[in-house]
Every structure is written in C-alpha cells, then in structure tokens.
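S.K.: okay, here's the prediction I keep looking at, along with the sequence it came from:
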Amino acid sequence: MKKLIYLIALFLGFTSSAQGILHIYNHSSYDIEGRLFANNLTNCTPEVFTFYKVPAGTMVDIKSFNLSNLANPPINSWAVRTSTPVMNVPVPSGLLITMGNLTRWHFYWFKTKVAGTSLDTGDPDFTMGDQHFCGDTTSQDYIHGVVTEAKWYYDSTTNETTIIVKDI
C-alpha cells in the first residue's frame, strides 16, 4: 500500500490536471441517482467513483473527493481503481487528496426517479459526461428525456464542471 501511495504521489509531479469543483443542479421535480466518475485525462486510471443520489430540487457543490462528506447530500466514501482491484476509501483520506490531483470529473450515469421513491420516470439513462478523454464514446453533454432534460458543461478556465437537470 505504501508503494502504491508513493507511485501515485510521484505522478502528481507529471500531471497538470485536477478534478475541480462539481456543481449538480437538480432543478427537476425528480430524484436523480447513479454512478459518478472522475478519471485521469490520459489513460483512464486512476479512476474514482461512487453511487450518488441527488433529491429533487437540490443544488450540490462538491469541492473535492476529500470534502465530499460536507456536501448536502454527503458522499462518505469513494471507490478508487489504480489498476485492479478496486479499493473503497472513506472520506477524508490522504489517498483522496492525491486522487483529486490526478483526475477530472468525467461522467455521471444516472436515472430519474419519482421523488422519494425507487420508481423510474420513464426517462432514458442519462449518460452525461465529457467525451474528450478516456476513450469515452457514449456520454453526451445534452440529453432530452421524457420528463426531464440534462446538460453537462465543463469550463476549462475555472476547471469547474456543471450538470443541470430540469423538468421539460
């Protein structure tokens, strides 16, 4: 484990990417839930991901993996894959600080649910993300569903990613 952390820290000197802030604005009347990912820009690993549910009408700012437990709703652990196997890492963690310097927000694959339930709304899977790295060919920056629509936006000047979900 010490060698792994040392190697990851070593990569910090060779990379200029960093995850930046993630804004999720769920202006819809539906909950959204799914997998949230951040990846390295060049070779997909390291990869950091978690399952995340954002209730209807909620605006979330995730400043970093290591501060994600302060978001509302909080994220208290992340899965980290530097190769195989995947490690589950609690928040806060020195490893998550390192991962934040190696990755950028990449993908949020979510479904819309009737607020407060597990019932699907009939919307398609929202495969929101940035197709510009990690060989991603499936994610979209805009999806028009049945009851909601979503937009993914990355601002390279501020290094912030924004996801906006709203009712149609």
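M.R.: Arrived safely. Residues are numbered from 1 along each chain as shown.

S.K.: can you list the weak-confidence ranges in the chain?
M.R.: Confidence mapping of the chain against pLDDT under 70 gives the ranges 1-17.

S.K.: quick test: name the residue nearest the centre of it.
M.R.: Centroid-nearest residue in the chain, with C-alpha atoms, centre = their mean: residue 36, separated by 3.4 Å.

S.K.: name the residues of the helix or strand where that one lies that are buried.
M.R.: Assessed by DSSP states H and E, residue 36 sits inside strand 30-39. Residues of strand 30-39 classed as buried by neighbour count (16 or more other C-beta atoms under 10 Å): 30, 31, 32, 33, 34, 36, 37, 38, 39. All C-beta atoms are positioned from the backbone trio N, CA, C, and that covers glycine.

S.K.: next secondary structure after that strand?
M.R.: strand 47-54.

S.K.: circling back: partner strands of the strand holding residue 36, with direction?
M.R.: Sheet pairing for strand 30-39, assigned by DSSP bridges, gives strand 47-54 (antiparallel), strand 104-114 (antiparallel).

S.K.: any idea which of these is most buried?
M.R.: Neighbour counts (mean count of other C-beta atoms under 10 Å) averaged over each of those peak at strand 104-114, with a mean of 22.
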